[in-house]
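>>> Curious how this folds, go ahead:
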Amino acid sequence: MSILVKGLTKKFGNQIAVNNLHFSVNPGEIVGFLGPNGAGKSTTMKMLCCYLTPTEGSAEIDGFDIINNPLEVKSRVGYLAEQNPLYDDMYVKEYLAFVAGIHKIQQPNQRIKEVIQLTGLEKEQSKIIGSLSKGYKQRVGLAQAIIHDPKVLILDEPTSGLDMNQLVGIRQLILEMGKEKTVIFSSHIMQEVQALCSRVVIINDGILVADDPIELLQSRMTGQGKIIVDFAESEINVNAFEKLAGVMEVTRNSNSLHILINENIDIKPEIFRLAVSLGLTIIEMRSEKINMESVFRKLTKSGKE
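All right, here's what the predicted structure looks like:
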């Protein structure tokens, strides 16, 4: 077992940030670690990397306890923090040499060359880090995370703030690394999670709410569908649509309603008639299958925004 979390809890005064988490990650898995803002994802990752001490419980990385063997754990973990702290005044190659020295890597020049190639930093290696784009800074962060060839990668929002071309490159890099390493990463992009992960762990308000393969989570909502209705008006009586037979949940997004329904019932005529009675003009009405975004919202709808 690459990662084994056992009753992990973290309190800050009276606030419980992480509450009795239990989950495991097997070697070679890429697992999405999901939750709303403030759910406790970053706090959990920092505990797994030995940057925060648990209030209760513990965890093991590659068989080593995070409390009793922090140096062994750190030598086996590559960590990319959400804010990606870098030394902006250092050159890329200089910074990687500094990190290699911390890890006491044998033949550091050879390893630095390898990670520069792996992360696509060849043209940027002689530049000052502070002058790089957000995408290349993320690559530098990944390079420092893998330079000591760790067995486990913990990546906190590794694609945050990247443009589409940068996203594709980083995602491909994570997929390649996932062939040989255990990867756990957080993301708010559901398409990214579906593209990279076979399994997700979801927490809400510090509590585990799901730990399943993506297909299983989606199958739990089999029999449900979603209708999206776009209106010309901005004033919409959401409660009226919630009372329609077969409606399970209604959420509003600007001039649109996202209506979760029992998929075995066709309520489009009822939606149309209700809209007319309320004096609303429907611009478009369309059906969608349940996706990971809908599953996530369902499981975390009471979480913090």
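>>> Show me which helix runs longest in the chain.
The longest helix of the chain (DSSP state H) is helix 164-178.
>>> List phi and psi for the residue nearest to Phe98 when sequence neighbours are not counted.
In space, and not counting its chain neighbours, Phe98 is closest to Met90: 7.0 Å by CB to CB, 6 or more residues apart in numbering. For every residue, glycine as well, the C-beta is placed using N, CA and C. In terms of degrees, to the nearest 10, the main-chain angles of Met90 are phi -100, psi 150.
>>> quick one, what contacts Met90?
Contacts for Met90 (CB atoms under 8 Å, 6 or more residues apart in numbering) come out as Phe98, Ile128, Ile129.
>>> if I pick the last one, what's in contact with it?
Yep, that's Ile129 we're talking about. Leu86, Tyr87, Asp88, Asp89, Met90, Tyr91, Val92, Tyr95, Lys137, Val140.
>>> Now a ChimeraX select for only the buried ones of those.
A single ChimeraX command selects the buried members of those (16 or more other CB atoms under 10 Å):
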select :86,90,91,92,95,137,140
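>>> Filter the contacts of Ile129 down to the ones in helices?
Per DSSP H, these map to helices at Val92, Tyr95, Lys137, Val140.
>>> Max pairwise distance over the residues you listed: which two?
Tyr95 and Lys137 (10.8 Å; CB to CB).
>>> joint contacts of those two?
Leu86, Ile129.
>>> need the next SSE after the longest helix of the chain, C-terminal direction.
Toward the C-terminal end, the helix or strand that comes next after helix 164-178 (DSSP states H and E) is strand 182-186.
>>> What strands flank that next one, and is each parallel or antiparallel?
Applying DSSP bridges to the sheet, strand 182-186 is found paired with strand 30-34 (parallel), strand 152-156 (parallel).
>>> Would you mark the buried spots in it?
By 16+ other CB under 10 Å, the buried positions in strand 182-186 come out as Thr182, Val183, Ile184, Phe185, Ser186.
>>> and Glu293, what are its phi and psi?
Glu293 adopts backbone torsions of phi -60, psi -40, taken as degrees, to the nearest 10.
>>> buried ones in the one helix or strand Ile283 maps to?
Under the criterion of DSSP H and E, Ile283 resides in strand 282-288. Within strand 282-288, the residues that count as buried by 16+ other CB under 10 Å are Ile282, Met285.
>>> just checking, what packs against it?
Applying 3 or more CB pairs under 8 Å, 6 or more residues apart in numbering; DSSP states H and E, we find strand 282-288 packed against strand 224-231, helix 268-277.
>>> what's the burial count for Asp163?
10 (other CB atoms under 10 Å).
>>> That one contacts Gln138, doesn't it?
No: contact between Asp163 and Gln138 fails when scored by CB atoms under 8 Å: they sit 11.2 Å apart.
>>> for the stretch 51-200 of the chain, which spans come out with low pLDDT?
161 (pLDDT under 70).
>>> Now Ile227. Nearest residue, chain neighbours left out?
Closest to Ile227 by CB to CB, 6+ apart is Ile259, at 4.6 Å.
>>> follow-up on the earlier one: what would the contacts of Ile129 look like in JSON lines with distance to Thr53?
Shown next, in JSON lines, are the contacts of Ile129 (distance: CB to CB, whole Å):
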{"residue": "Leu86", "distance to Thr53": "25"}
{"residue": "Tyr87", "distance to Thr53": "26"}
{"residue": "Asp88", "distance to Thr53": "29"}
{"residue": "Asp89", "distance to Thr53": "31"}
{"residue": "Met90", "distance to Thr53": "30"}
{"residue": "Tyr91", "distance to Thr53": "34"}
{"residue": "Val92", "distance to Thr53": "33"}
{"residue": "Tyr95", "distance to Thr53": "28"}
{"residue": "Lys137", "distance to Thr53": "29"}
{"residue": "Val140", "distance to Thr53": "28"}
